[in-house]
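S.K.: Structure for the following, please:
(one chain, ligands or ions: 1)
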Amino acid sequence: MARYDYDLIVIGAGSGGVRASRFAAAEYGKRVAVVENSRVGGTCVMRGCVPKKLLVYGAHFAEAFEDAQGYGWSDAQPNFDWPKLIAAKSAELNRLEDVYHRILRESGVDEINGTGKVADPHTVEIDGKPHTTEHILVATGGWPFMPDIPGIEHAITSNEALDLPELPKRIVIVGGGYIAVEFAGVFNALGADVHLVVRGDNILRGFDNAVRNVLRDEMVAKGIHLHCENHVNSIEPLPSAAGGGFSLHMDQVEMMETDLIMYATGRRPNTAGLGLEEAGVELGRNGAVIVDEYSKTAVDSIYAIGDATDRVNLTPVALEEGMAVTATLYGDTPVAVDYSNIASAVFSHPPIGSVGLSEEEARAAHDVDIYMSRFKPMLHTLSGRDEHAMMKLIVDRATDKVLGVHMVGADSPEIVQGFAVALKCGATKAQFDATVGIHPTAAEEFVTMRQKLPEHEN
Ligand code: NDP
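M.R.: All right, here's what the predicted structure looks like:
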């Protein structure tokens, strides 16, 4: 008779948790349960990447209808219906949730609906009922963080923004990270008056400075009101007799009125109340589970992956971590995730694709040459839209290795994904140059840039 009820209990059925449970059960034949107290699919599928991308697609049509006129189309009278988009998005999420249930079922994973709590290194209590297990995997993800200011209860987060009953006429978005920039682009394209309040001097701290500047300028040119080096100090509801909405008091703006306030001020690991510290697991800053390179916590039988560990908070990284943990536990040799050269995208208007080091990071450790190109995409020669794309390569002068590839412009996430493979292979600038371009594309610019920036602009 087995010593434990399960070989593995996974707490959290988001991207990482589902992948790990599925692999442990289907690939390694283990007895696995996954515990979830909300919808299967987690942040990415239910409250993040997927619904956000559907809204980004929806928003892009606003410009596409305008651009079409330069190509001979006329008399288009587009009418946008926000509730219809939200309903279609929600139906797609229901479909995906069914797919997740089916995948788990077919893999032989027990899905347990409830709230899991670690009772001891080999026991998970689910709504008070103990289940024993050889290993526990914490994959509880993260949750939006909002600063504690007067009136913060009137603000929403991205969770609610994805299900708004109607499109706001005016919205203030606080934060300058991925989520703030992406939602600002969506609401602006769909016709809302968008104010973005950023505490730093620019959006997207941590990205290459040229990328940040180009996107900032494009966002402002598209009509987004950017308030940098600014803070919201308090929020007050306005009387409904006066039309409702809210007034904001900010550092440098005496008062601003708006219909909706959204905070996108980062996310925190979802680890409170899980019984982790009581079981001997160490938690770090903001409650992140501290793990080693194999995602093992301070307790031998407990592992943690994804946003709960606050390492690289991206879905594909959580998937990698989930597979690495199952390979470590049940395969022949321990597997550590390689965190170098992870490509990422911001689905802003226009989007960003990025892999490798920013110029600022590269300069801290290398002598570098910079290749940069700024151009009007071919689409806009006839559309007349005053939008520019930017591409940038950062090259190690000593080894000729390409250290960073960055792009702002249409399709950049799709384009940069391919270049991420090249960087993973250690491609040199000479190899980029020896690659024949596909013409006419924007992507070919990455293999035809010959002129490095003069040293003083470097
Ligand atoms: P980010 O950490 O990217 O950005 C948070 C922003 O809020 C920063 O501009 C930060 O400023 C600001 N901020 C933090 N605290 C405060 C405060 N108290 N008052 C005012 N501003 C504040 O978080 P997001 O919420 O945008 O996204 C969370 C995570 O989700 C990201 O880190 C990313 O990993 C993931 N994500 C990825 C996406 C993608 O891959 N396309 C899309 C969406 C999310 P400062 O820079 O000064 O700290």
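
S.K.: switch to C-alpha atoms for all contacts and neighbour counts from now on
M.R.: Noted.

S.K.: in stretch 223-230, what's buried?
M.R.: 223, 224, 225, 226, 227, 228, 230 (16 or more other CA atoms under 10 Å).

S.K.: what packs against the longest helix anywhere in the chain?
M.R.: Secondary structure assigned by DSSP state H gives helix 82-107 as the longest helix of the chain. Other helices and strands packing on helix 82-107, by 3 or more CA pairs under 8 Å, 6 or more residues apart in numbering; DSSP states H and E, are helix 15-22, helix 49-68, strand 110-113.

S.K.: Tell me which of the ones you listed sits most buried.
M.R.: Sort the helices and strands packed on helix 82-107 by mean neighbour count, taking mean count of other CA atoms under 10 Å, and helix 15-22 sits at the top with a mean of 28.

S.K.: What strands line up against the very next helix or strand once past it, and which way round?
M.R.: Note on helix 15-22: by DSSP states H and E, the next helix or strand toward the C-terminus is strand 32-36. Here strand 32-36 is paired, per DSSP bridges, with strand 6-11 (parallel), strand 110-113 (parallel).

S.K.: Just checking the distance from the longest one to the centre of its chain.
M.R.: Think strand 6-11. Distance, stretch centre to chain centre, for strand 6-11: 27 Å (CA atoms, centre = their mean, to the nearest Å).

S.K.: Also the shortest one?
M.R.: The gap between the average C-alpha position of strand 110-113 and the chain average comes to 27 Å, counting by CA atoms, centre = their mean.

S.K.: Dump the C-alpha coordinates for it into CSV.
M.R.: Taking C-alpha atoms only, strand 110-113 is exported to CSV below (Å, rounded to 0.1, in the frame of the first residue of the first chain):
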residue,chain,number,x,y,z
ASP,A,110,-7.2,14.5,-9.9
GLU,A,111,-8.6,18.0,-9.9
ILE,A,112,-9.7,19.2,-6.5
ASN,A,113,-11.7,22.3,-6.2
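
S.K.: Quick check: what element follows it along the chain?
M.R.: strand 116-120.

S.K.: who's in contact with the helix or strand that that following strand is followed by?
M.R.: Counting by DSSP H and E, the element after strand 116-120 in chain order, helix or strand, is strand 123-126. By CA atoms under 8 Å, 6 or more residues apart in numbering, the list of residues contacting strand 123-126 from outside reads 9, 35, 114-119, 130-133, 136.

S.K.: Considering those, which possesses the most neighbours?
M.R.: residue 9 (31 neighbours; other CA atoms under 10 Å).

S.K.: Residue numbers of the protein in contact with the ligand?
M.R.: Residues of the chain lying near the ligand by CA under 6 Å from any ligand atom: 147, 175-180, 199-200, 205, 264-267, 313-314, 344-347.

S.K.: Report the buried members of those residues.
M.R.: Buried among the residues of the chain next to the ligand by 16+ other CA under 10 Å: 175-180, 199, 264-267, 313-314, 344-347.

S.K.: show me where pLDDT drops low in the stretch 351-458 of the chain?
M.R.: Across the stretch 351-458 of the chain, the ranges flagged by pLDDT under 70 are 456-458.

S.K.: the helices in it, which residues?
M.R.: In the stretch 351-458 of the chain, the segments counted as helices under DSSP state H, counting those that start in this stretch are 359-363, 379-383, 412-424, 429-433.

S.K.: re the thing from before, so which of the strands paired with strand 32-36 comes closest to residue 362?
M.R.: With CA to CA as the criterion, residue 362 lies closest to strand 6-11 of those, at 38.2 Å.

S.K.: avg pLDDT for that closest one?
M.R.: The average pLDDT within strand 6-11 is 98.

S.K.: Now do it against strand 116-120: the angle between them, please.
M.R.: Per axes from the mean of the first three to the mean of the last three CA atoms, to 10 degrees, the angle that strand 6-11 makes with strand 116-120 is 130 degrees.

S.K.: part of a helix, is residue 241?
M.R.: Yes - judged by DSSP: H, G, I helix; E, B strand; the rest coil, residue 241 forms part of a helix.

S.K.: Which one of the contacts of strand 123-126 is nearest to residue 414?
M.R.: Residue 414 lies nearest to residue 35 out of those, by CA to CA, at 34.0 Å.

S.K.: Report the contact partners of the closest one.
M.R.: Residues near residue 35 by CA under 8 Å, 6+ apart: 9, 10, 11, 12, 13, 111, 112, 113, 114, 115, 116, 126.

S.K.: how far does stretch 191-202 stretch from start to finish?
M.R.: 24 Å (CA to CA, to the nearest Å).

S.K.: and what of stretch 43-55?
M.R.: By CA to CA, the extent of stretch 43-55 from end to end equals 16 Å.

S.K.: and that stretch, how far out from the chain's middle?
M.R.: Counting by CA atoms, centre = their mean, stretch 43-55 is centred 9 Å from the centre of its parent chain.

S.K.: same deal with stretch 180-191?
M.R.: 15 Å.

S.K.: where does the stretch 151-300 of the chain dip in pLDDT?
M.R.: 254.

S.K.: all strands for it, in order.
M.R.: With DSSP state E, counting those that start in this stretch, the ranges of strands along the stretch 151-300 of the chain come out as 170-174, 193-197, 225-227, 232-237, 246-250, 256-258, 260-263, 267-269.
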